[in-house]
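*Asks:* how would this look folded up:
(one chain, ligands or ions: 2)
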Amino acid sequence: MKESVIEPLEGLVKEPYASILCYPQPSECEAQSRIRELEMHGVTAIEFTGKGNILNLPVLGKGNVGIVVAAYRYGQRLALKIRRMDADRADLFHEAKMLTMANAAGVGPALVEAGKNFLLMQLVEGDFLPEWLQATSDKTIMRQVLGELIEECWKLDLAGVDHGELSKAPKHVIIDVYGQPWIVDFETSSEKRKTANVAAICQYLLMSGGPVSKRAVEILGDRDRDGIVKALRHYKKEKTRDSIDQLIQACLY
Ligand SMILES: Nc1ncnc2c1ncn2[C@@H]1O[C@H](COP(=O)(O)OP(=O)(O)O)[C@@H](O)[C@H]1O
Ligand SMILES: [Mg+2]
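*Replies:* Ligands and ions are numbered 1, 2, ... in the order given. So this is what the prediction gives:
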């Protein structure tokens, strides 16, 4: 991993920082306007750190809409999502609204501030789900963590927020050192779509045939596919505590 750099707000006009603020279309004027926006949000410095890499600087992550770095605000270390200049979104307000709804259900990193080009939220540190699964061979721990993840999806289903990117979620679930799963990136979420978070995550975790489900089956043993499908069908009819418990049982035990 590249060495971390903490750059105070005033220093962000310099390269390559300015180009990251305006990625991937460097613009001095836009960089200055974005620095003013950050100042309004109370950001005092940005920390370039993490497993991702942009313009030879480490970052927490990169997607099609945003670049995520660490940032300091009133002494707190937070995650800062920077809207990419080529994003197919004019602002981050929709994501902020979806994250607020998720937060109300007890899910997702806590939102701190939102604006046109930036989101400030709780910084989640840990491993992405596929790497975490590779490093875990304890059945009990795996059941606890994946069970908790399915429960988080249940909470989102009940809150009426469809995440939208959980059926293939290698970078949207982070497991922290306490074994707490965190669902991130509510950019493609919707309150209008029919919610399918539980169905999507069960599919991804146990039935997709990809590396994640292969690993889960390797540790947990062969799954009763028909049993999972039946429990899912029942859950879709009534999203109760009982039916989610039965689904978790079918998926993980
Ligand atoms: N709150 C957070 N804490 C730590 N890392 C995060 C956080 N939010 C996002 N990330 C990382 O940054 C990456 C890109 O963010 P994401 O919201 O997925 O952007 P996009 O909407 O462009 O896909 C994520 O895949 C994840 O690795
Ligand atoms: Mg993403």
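*Asks:* what's the spacing between the residue nearest to Gln180 when sequence neighbours are not counted and Tyr17?
*Replies:* Of all residues not flanking Gln180 in the chain, Glu148 sits nearest, at 7.1 Å (C-beta to C-beta, 6 or more residues apart in numbering). No exception for glycine: its C-beta is placed from N, CA and C like everyone else's. Glu148 is 37 Å from Tyr17, where distance means C-beta to C-beta, to the nearest Å.
*Asks:* the more surrounded of those two?
*Replies:* Neighbours per residue (other C-beta atoms under 10 Å) separate Glu148 from Tyr17, with Tyr17 holding more: 20 against 15.
*Asks:* for this structure, longest helix please?
*Replies:* helix 139-159 (DSSP state H).
*Asks:* can you pull the buried residues of that helix?
*Replies:* 142-143, 145-147, 149-157, 159 (16 or more other C-beta atoms under 10 Å).
*Asks:* on that earlier part again, the residue nearest to Gln180 contacts Pro181, doesn't it?
*Replies:* Yes. The pair formed by Glu148 and Pro181 meets the contact definition of C-beta atoms under 8 Å, at 5.6 Å.
*Asks:* State the phi and psi torsions of the residue positioned nearest the centre of the chain.
*Replies:* Nearest residue to the geometric centre of the chain (C-alpha atoms, centre = their mean): Val184, 1.6 Å. Main-chain dihedrals, Val184, degrees, to the nearest 10: phi -120, psi 170.
*Asks:* Can you report how many residues neighbour the residue in the chain positioned nearest to ligand 2?
*Replies:* Closest contact between the chain and ligand 2, by C-beta to the ion, is at Gly63 (3.5 Å). Each residue near Gly63 was counted by other C-beta under 10 Å, and the total is 18.
*Asks:* residues touching it, list them.
*Replies:* Shown in contact with Gly63 (C-beta atoms under 8 Å, 6 or more residues apart in numbering): 171, 185, 187.
*Asks:* near ligand 1 too, which of those?
*Replies:* Counting by C-beta under 6 Å from any ligand atom, 171, 185, 187 from those sit close to ligand 1.
*Asks:* doesn't the last one fall inside a strand?
*Replies:* No. The assignment for Glu187 (DSSP: H, G, I helix; E, B strand; the rest coil) gives coil, which keeps it out of a strand.
*Asks:* list the contacts for it?
*Replies:* For Glu187, counting by C-beta under 8 Å, 6+ apart, the contacting residues are 63, 65-66, 89, 92, 94-95, 98.
*Asks:* pLDDT wise, what is Pro170 at?
*Replies:* pLDDT, Pro170: 87.
*Asks:* Please verify my assumption that it contacts Trp132.
*Replies:* No. Applying C-beta under 8 Å, one finds Pro170 not in contact with Trp132, separated by 10.9 Å.
*Asks:* Settle it for me: which of these two has more neighbours?
*Replies:* Comparing Pro170 with Trp132 by other C-beta under 10 Å, the one with more neighbours is Trp132, at 21 against 13.
*Asks:* got the contact list for that one?
*Replies:* 126, 145, 175.
*Asks:* Tell me the secondary structure at it.
*Replies:* On the basis of three-state DSSP, Trp132 is classed as helix.
*Asks:* and what of Ile82?
*Replies:* Under three-state DSSP, Ile82 comes out as strand.
*Asks:* Specify the beta-bridge partners of the residue nearest to it when sequence neighbours are not counted.
*Replies:* Spatial nearest neighbour of Ile82, chain neighbours left out: Ile67 (4.8 Å); criterion: C-beta to C-beta, 6+ apart. Ile67 has these beta-bridge partners by DSSP bridges: Lys62, Ile82.
*Asks:* and the chain, which residues reach ligand 2?
*Replies:* Those residues of the chain that sit near ligand 2, judged by C-beta under 5 Å from the ion, are 63, 185.
*Asks:* please redo it, this time with the cut-off set to 6 Å
*Replies:* 63, 171-172, 185 (C-beta under 6 Å from the ion).
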